[in-house]
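> No letters, just coordinates:
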């Protein structure tokens with residue numbers, strides 16, 4: 001466990017130039033680049049008792065990344081020692097711990113310090129933050145590295161609170177619950193469920209998998225990386241870089257299917273259909289697992305063992321909607337009652353509700369949820385008008401459906417560093433994106449999004465805002481396009497103001 005050498009008393013005021021919230025990929029990358037830029041007056045707070053973010057909290061059986069490990073890592077800290085093409089949760093967590101050690105981040109991190117609220121003080125040019133157990137922090141710059149995959153989403157099912165047996169979300173897995181021989185119900189067939197279902201299926205007595213909508217699944221093609229190849233990555237200059245570039249380009253072209261390229265979309269769909277047909281010979285089960293929407297409209301999943309798990313005689317795929325949950329059973333709309341011992345939710349996260357359960361009050365007293373009442377929006381996904389000196393990493397419309405999101409994180413971190421340097425160069429202390437710049441950017445995003453499979457592919461997904469139906473999650477373009485957009489800071493897009501005079 002990473003220990004912090006910062007020792008502050010609760011209820012005490014902490015004053016820093018920059019406060020980073022969240023010690024996952026985003027927060028750690030930001031901290032590393034601040035140190036490299038010589039900006040060491042910062043603090044990183046983390047709600048958990050260790051670093052890693054989603055890669056610390058999600059510890060369900062089979063938890064792994066669906067992007068190749070050599071690409072799902074920092075470009076400036078390539079790891080030649082990955083043992084598999086797709087790294088497990090444990091290996092990614094250990095990688096992040098090694099980054100903390102290598103870059104000396106431990107003294108800057110304060111654990112068990114949940115972010116509660118922040119309010120912008122225009123007269124002082126500062127953010128006043130409340131975190132942890134009534135801890136007060138004053139910071140000129142506030143950077144959110146919280147990401148979107150950290151608040152579990154539970155389905156709204158009648159009677160859900162009545163269930164008397166063990167019940168938990170995949171993100172809060174309870175290893176102490178022994179599933180051996182038990183009748184287990186899994187609600188959801190998304191990215192988490194298709195990883196843990198094959199792991200628990202051999203142990204349980206009976207498994208009911210409740211599916212609302214089938215997913216497009218393509219082969220994972222995972223394999224171990226031999227010690228010989230790891231040695232080559234260590235010893236041959238540029239080999240890890242070249243392999244990373246190869247992986248990037250091999251994934252980058254897939255964005256064309258999301259942006260409307262029919263040829264690429266049909267190619268991916270053929271791969272997924274062939275994978276299903278070869279894995280599930282039963283035509284009835286095959287039909288139940290075949291999506292009725294275009295591939296890419298929902299998240300494309302990778303798995304080699306999910307379909308085989310469903311062929312086991314004690315595993316049943318239930319496609320009938322759930323009517324209610326009772327004390328020890330689940331009843332579906334057709335009236336069938338299935339007794340269960342354990343209930344597991346694989347129902348994802350609150351993705352389109354960033355800052356859920358928190359308060360963020362900007363200039364003029366506007367709260368960010370009110371500013372976003374028509375859907376989340378941020379210029380380049382990073383800055384929000386009315387919220388000076390606030391920078392969001394993996395903010396609105398910066399997620400990816402085709403490549404490594406770590407690439408987006410690095411682009412945003414470099415952009416934030418450029419903003420901080422611009423303020424220093426101009427001898428200003430306050431920076432706020434202009435309202436018209438944000439509106440123009442948001443309109444451009446909406447226009448581009450309308451032509452994508454996410455808006456016209458015939459499905460509802462967690463990418464979309466539940467109120468407006470708009471996709472406020474993903475970037476409607478290539479990673480290369482985003483890198484170009486964030487390559488430099490356009491002065492005319494921002495208002496730069498000097499620090500208020502001190503009295």
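That came through fine. Since this is a predicted model, take the numbers as computed values, not measurements.

> Run the chain-centre distance for stretch 297-310.
Distance, stretch centre to chain centre, for stretch 297-310: 19 Å (C-alpha atoms, centre = their mean, to the nearest Å).

> same deal with stretch 102-116?
20 Å.

> Distance of the residue nearest to residue 197 when sequence neighbours are not counted relative to residue 317?
Distances taken as C-beta to C-beta, 6 or more residues apart in numbering place residue 309 nearest to residue 197, at 5.5 Å, with adjacent residues excluded. Heads up, the C-betas are built off the backbone N, CA and C, glycines and all. Separation of residue 309 from residue 317 (C-beta to C-beta, to the nearest Å): 10 Å.

> correct me, but residue 147 touches residue 53?
Yes. Assessed by C-beta atoms under 8 Å, residue 147 is found in contact with residue 53 at 6.3 Å.

> Would you mind checking which helix or strand in this structure has the lowest mean pLDDT?
helix 453-456 (a mean of 85; mean pLDDT, DSSP states H and E).

> Buried residues, that one. List them.
453-455 (16 or more other C-beta atoms under 10 Å).

> Let me see the contact set for the spatially closest residue to residue 171 that is not a sequence neighbour.
Nearest residue to residue 171, sequence neighbours excluded (C-beta to C-beta, 6+ apart): residue 152, at 4.6 Å. Shown in contact with residue 152 (C-beta atoms under 8 Å, 6 or more residues apart in numbering): 169-172, 345, 347-350.

> From those, pick the one nearest residue 481.
Among the contacts of residue 152, residue 349 lies closest to residue 481 (C-beta to C-beta), at 26.0 Å.

> Residue 233 versus that closest one, what's the distance?
Relative to residue 233, and taking C-beta to C-beta, residue 349 is found at 33 Å.

> max-length helix in this structure?
helix 405-425 (DSSP state H).

> List the buried residues in that one.
Result for helix 405-425 [16+ other C-beta under 10 Å]: buried residues 405-417, 419-420, 422-423.

> Wait, a strand at residue 325?
Yes. Judged by DSSP: H, G, I helix; E, B strand; the rest coil, residue 325 forms part of a strand.

> so it bridges to which residues?
residue 330 (DSSP bridges).

> looking at it, it is touching residue 164, isn't it?
No. Using C-beta under 8 Å, residue 325 is not in contact with residue 164, being 10.3 Å away.

> Give me the distance between the residue nearest to residue 362 when sequence neighbours are not counted and residue 487.
Nearest non-adjacent residue to residue 362, counting by C-beta to C-beta, 6+ apart: residue 387, 3.9 Å away. Here the distance between residue 387 and residue 487 works out to 23 Å (C-beta to C-beta).

> Of these two, give the one with the bigger neighbour count.
residue 387 (23 against 11; other C-beta atoms under 10 Å).

> ok, now which ones touch the more buried one?
120, 360, 362-363, 368, 371, 432.

> Could you check which helix or strand contains it?
Here residue 387 sits in a region with no helix or strand, counting by DSSP states H and E.

> Report how many residues lie close to residue 48.
17.

> Can you tell me the closest non-neighbouring residue to it?
Nearest non-adjacent residue to residue 48 (C-beta to C-beta, 6+ apart): residue 56, at 5.9 Å.

> same thing with residue 445?
Nearest to residue 445 is residue 397, by C-beta to C-beta, 6+ apart, at 5.4 Å.

> now stretch 125-132: how far from the chain's centre is it?
25 Å.

> hmm, I was thinking of stretch 436-453
On C-alpha atoms, centre = their mean, the centre of stretch 436-453 falls 22 Å from the chain's centre.

> Give the buried residues for it.
By 16+ other C-beta under 10 Å, the buried positions in stretch 436-453 come out as 437-438, 441-442, 445-446, 448-449, 452-453.

> quick check, residue 127 in a strand?
Yes. Membership of residue 127 in a strand is supported by three-state DSSP.

> Now for the residue lying closest to it once chain neighbours are set aside: which residues touch it?
Spatial nearest neighbour of residue 127, chain neighbours left out: residue 142 (4.5 Å); criterion: C-beta to C-beta, 6+ apart. For residue 142, the contacting residues are 18-19, 21, 118, 127, 129, 389-391, by C-beta under 8 Å, 6+ apart.

> Beta-bridge partners for residue 142, please?
Here residue 142, judged by DSSP bridges, has bridge partners residue 19, residue 390.

> Touching, residue 350 and residue 153? I think so.
Yes. Using C-beta under 8 Å, residue 350 makes contact with residue 153 at a distance of 5.2 Å.

> Residue 349 and residue 233 - which one has more neighbours?
Between residue 349 and residue 233, counted using other C-beta under 10 Å, the more crowded position is residue 349 (21 against 18).

> Am I right that that one is in contact with residue 146?
No. Taking contacts as C-beta under 8 Å, residue 349 lies outside contact range of residue 146: 11.4 Å.

> Now the residue nearest to the spatial centre of the chain: which helix or strand?
What sits nearest the mean C-alpha location of the chain, by C-alpha atoms, centre = their mean, is residue 149, with 4.1 Å. Using DSSP H and E, residue 149 is not contained in any helix or strand.

> what's the distance between it and residue 386?
In terms of C-beta to C-beta, residue 149 sits 26 Å off from residue 386.

> ok, residues contacting stretch 416-426?
Residues outside stretch 416-426 that contact it (C-beta under 8 Å, 6+ apart) are 18, 30, 33-34, 37, 39, 141, 143, 382-383, 391, 393, 429-431, 488-489, 491, 494, 496.

> now, which of these lie within helices?
Per DSSP H, the subset of the contacts of stretch 416-426 in helices is 30, 33-34.

> okay, these in TSV with pLDDT, distance to residue 78 and neighbour count next?
Formatted as TSV, the ones in helices among the contacts of stretch 416-426 follow (pLDDT from 0 to 100; distance: C-beta to C-beta, whole Å; neighbours: other C-beta atoms under 10 Å):
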residue	pLDDT	distance to residue 78	neighbour count
30	98	19	26
33	98	16	19
34	98	21	25
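
> nearest to residue 80, of those?
residue 33 (22.1 Å).

> in terms of contact, does the closest one touch residue 411 like I think?
No. Residue 33 is beyond contact range of residue 411, at 11.5 Å (criterion: C-beta under 8 Å).
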